[in-house]
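Engineer: I would like the atomic coordinates for the input below:
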Amino acid sequence: MRYFPILSAILALLAIPVSGQESEVPKAEIFGGYQFTHIEANLNTNGWTASLTGNATPYLGVTADFSGVYKSVSGANLSGYSYTFGPTVSLNHHGVVNPFVHALFGGAHLGASVSGLGSAGANGFTMMYGGGVDAKVSSRFAVRVVEADWVYFRFSGQSVRGNARVATGIVFRF
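Structural biologist: Numbering: from 1, shown residues only. Modelled structure (predicted):
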């Protein structure tokens, strides 16, 4: 949290239009890419993430985010899936660099299976707070340079707060 004011200042500076050309704000954006997730119990996972954002105004949109992560530990195959929804604030759709922040809320499913012994799973609540930076390549295509989120899970009355997700990938703009 001590870096939050510095990160906020950097994102505000990036919101200044890099180009003098005005472009149309996309009505929708589809993102797909790779994610690395660190879970509080010192567990690092890899996986995928995909989201759809509908932009209601040049600055405010609604995002649906879906992701999956996987890890094998001591013969057990672990998996985690999340489905979250919430508001996204974009700071500079008209420029080459578009920083954004979001607050996403929804559900998660954790599963584990061991060959020959069966499988188990649990459903719970999750929320993600964070943001990222998209770099526009063309009016219809951007690269998500980075997306970073703090992730909270709650399963069967137990909270797991020390989680982080970092993602990168491509964005299609319509």
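
Engineer: for the closest residue to residue 171 other than its chain neighbours, identify the helix or strand it belongs to.
Structural biologist: Distances taken as CB to CB, 6 or more residues apart in numbering put residue 142 closest to residue 171, at 4.2 Å, once the chain neighbours are dropped. For the C-beta atoms, the positions are set from N, CA and C on the backbone; glycine is no exception. Assigned by DSSP states H and E, residue 142 belongs to strand 141-155.

Engineer: residues of that strand that come out buried?
Structural biologist: For strand 141-155, burial by neighbour count (16 or more other CB atoms under 10 Å) applies to 142, 144, 147, 149, 151, 152, 153.

Engineer: any chance of TSV for the residues you listed, columns distance to residue 73 and pLDDT?
Structural biologist: TSV is the format used below for these (distance: CB to CB, whole Å; pLDDT from 0 to 100):
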residue	distance to residue 73	pLDDT
142	35	97
144	29	98
147	26	98
149	23	98
151	19	97
152	22	97
153	17	96
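
Engineer: just the closest of these to residue 100, please.
Structural biologist: Using CB to CB, residue 147 comes nearest to residue 100 of the buried residues of strand 141-155, at 8.5 Å.

Engineer: any idea how far the closest one lies from residue 74?
Structural biologist: Separation of residue 147 from residue 74 (CB to CB, to the nearest Å) stands at 31 Å.

Engineer: residue 170 now?
Structural biologist: Separation of residue 170 from residue 74 (CB to CB) stands at 35 Å.

Engineer: before we move on, the earlier item: quick one: residues contacting the residue nearest to residue 171.
Structural biologist: By CB atoms under 8 Å, 6 or more residues apart in numbering, residue 142 lies in contact with 29, 98, 134, 135, 136, 170, 171, 173.

Engineer: take the residues you listed and keep only those in strands.
Structural biologist: If you go by DSSP state E, the contacts of residue 142 have 29, 98, 134, 135, 136, 170, 171, 173 in strands.

Engineer: okay, and the beta partners of the last one?
Structural biologist: Same thing as residue 173. Taking DSSP bridges as the rule, residue 173 bridges to residue 29.

Engineer: you'd agree it is up against residue 140?
Structural biologist: Yes - contact between residue 173 and residue 140 holds when scored by CB atoms under 8 Å: they sit 5.3 Å apart.

Engineer: got any residues that touch both of these two?
Structural biologist: Residues touching both residue 173 and residue 140 (CB under 8 Å, 6+ apart): residue 26.

Engineer: looking at the two, which is more packed in?
Structural biologist: Using other CB atoms under 10 Å, the more surrounded residue of residue 173 and residue 140 is residue 173, with 24 against 11.

Engineer: show the pLDDT at the more buried one.
Structural biologist: We have a pLDDT of 95 for residue 173.
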